[in-house]
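Trainee: output the structure for:
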Amino acid sequence: MAPGTRSLPGSNLPQPRCGVPPTQSLMQNRQAVDLSKAYRLLNHGPTVLVSSAHQGARNVMAAAWSMPLDFSPPKICVVIDRNTFTRELIDASGEFALNIPSRQLAGATLAVGSTSGREGDKFAALDLRTFAAEKIAAPLLEGCVGWLECRVVAEPHIQRQYDLFIGEVVAAWADPSAFKDGHWSFAPGSARSIHYIAGGNFFETGEAFEVEQERLKES
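Mentor: Sure thing, here's the model as predicted:
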C-alpha cells in the first residue's frame, strides 16, 4: 500500500467465494457523533479506507494521508491519486466516506491499497461487508471503529495540482465501544484504530493518557 492513495499495478485480489451473497448487510452497531466533535475521529492520524460509489459502480481504497481541516462546518482533507478508480468515482459523484478500520481489517486494508478497483469488485473479492450510509451513496464498511460521510468541497486547483480533496463532513458515526461522548475510549480487548507505516507494517493506537498544562516560568 502506498502511503497516500496510489493503487499499484497488478492485481492480487483473491477470487470471490462461491455462493457469496451481496456484501450489503445489516447496519453495524454505531452511534452518531456530533459534527462539532467529528474532527476527533481523525485527529490522531489513523489509516482510513476511502469508499465511493456512482451509478452502480463502487470502490474502496486505503489512504494513510488524511486529516481534519476545519470545525464549522467540519471539513477533512485526503489525498486521492488521479490514476485511481476511486478518484474517477469521486469526481463523478462529488462524495465519499472515510472508514476507520481496526486491526481485523489490516490485511484487507493492505490489499485494497495495493490493487485497482478497475480489475474487479474489491468488496466481493475480499468478502468485505457493508451497510448503507445516511447522507451519501458510498457504502460504509463493517469492522471499522469510525465513519465520516463527506461531500466534496470543490477546489479544482488543489485537486489537479496536489491530488488533495477537501470534504465537508455531513454525518459521522463511531462504534460506541471505541469512541463515546466525543472521546476515544479504548477498553481492554476492544477494537482500536490502526496506522500504516510502510512495507506491510502497521501499529495500533496505543493507550490514552492525560496531562495538566505546565505553567511557564516567570522571567
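Trainee: ok, longest helix in the protein?
Mentor: The longest helix of the chain (DSSP state H) is helix 85-93.
Trainee: which parts of this protein are helices?
Mentor: Along the chain, counting by DSSP H, helices occupy 85-93, 106-112, 122-125, 156-162.
Trainee: pull out the buried residues from the shortest one.
Mentor: The one in question is helix 122-125. K122, F123, A124, A125 (16 or more other C-beta atoms under 10 Å). Glycine gets a C-beta too; all of them are placed from N, C-alpha and C.
Trainee: list the contacts for the second one?
Mentor: Neighbouring residues of F123 by C-beta atoms under 8 Å, 6 or more residues apart in numbering: T23, R58, V60, T130, P139.
Trainee: counting neighbours, which of the residues you listed comes out on top?
Mentor: In terms of neighbours by other C-beta atoms under 10 Å, these top out with V60 at 28 neighbours.
Trainee: so what sits opposite the closest residue to that residue other than its chain neighbours in the bridge?
Mentor: Closest residue to V60 apart from its sequence neighbours, by C-beta to C-beta, 6 or more residues apart in numbering: S51 at 4.7 Å. Beta bridges link S51 to V60, A97, judged by DSSP bridges.
Trainee: report the separation between S51 and V145.
Mentor: The gap separating S51 from V145 is 15 Å, by C-beta to C-beta, to the nearest Å.
Trainee: can you check F202 too?
Mentor: The value you get for F202 to V145, if C-beta to C-beta is used, is 14 Å.
Trainee: between the two, point out the one with more neighbours.
Mentor: Shown here are F202 and V145; by other C-beta under 10 Å, V145 has more neighbours (29 against 18).
Trainee: any idea of the pLDDT on the more buried one?
Mentor: If you check V145, the pLDDT there is 96.
Trainee: angles on the backbone of the residue lying closest to it once chain neighbours are set aside, please.
Mentor: Take V145 and drop its neighbours on the chain: the residue closest to it by C-beta to C-beta, 6+ apart is A178, 4.2 Å away. When read as degrees, to the nearest 10, the backbone of A178 gives phi -120, psi -30.
Trainee: ok, A178 touching A191?
Mentor: Yes: A178 is in contact with A191 according to C-beta atoms under 8 Å; the separation is 5.8 Å.
Trainee: find residues that contact each of the two.
Mentor: Joint contacts of A178 and A191 (C-beta under 8 Å, 6+ apart) are S102, V145.
Trainee: and for the closest residue to R118 other than its chain neighbours, the neighbour number?
Mentor: Excluding the flanking residues, the one nearest R118 by C-beta to C-beta, 6+ apart is F85, at 4.9 Å. Neighbour count for F85, taken as other C-beta under 10 Å: 20.
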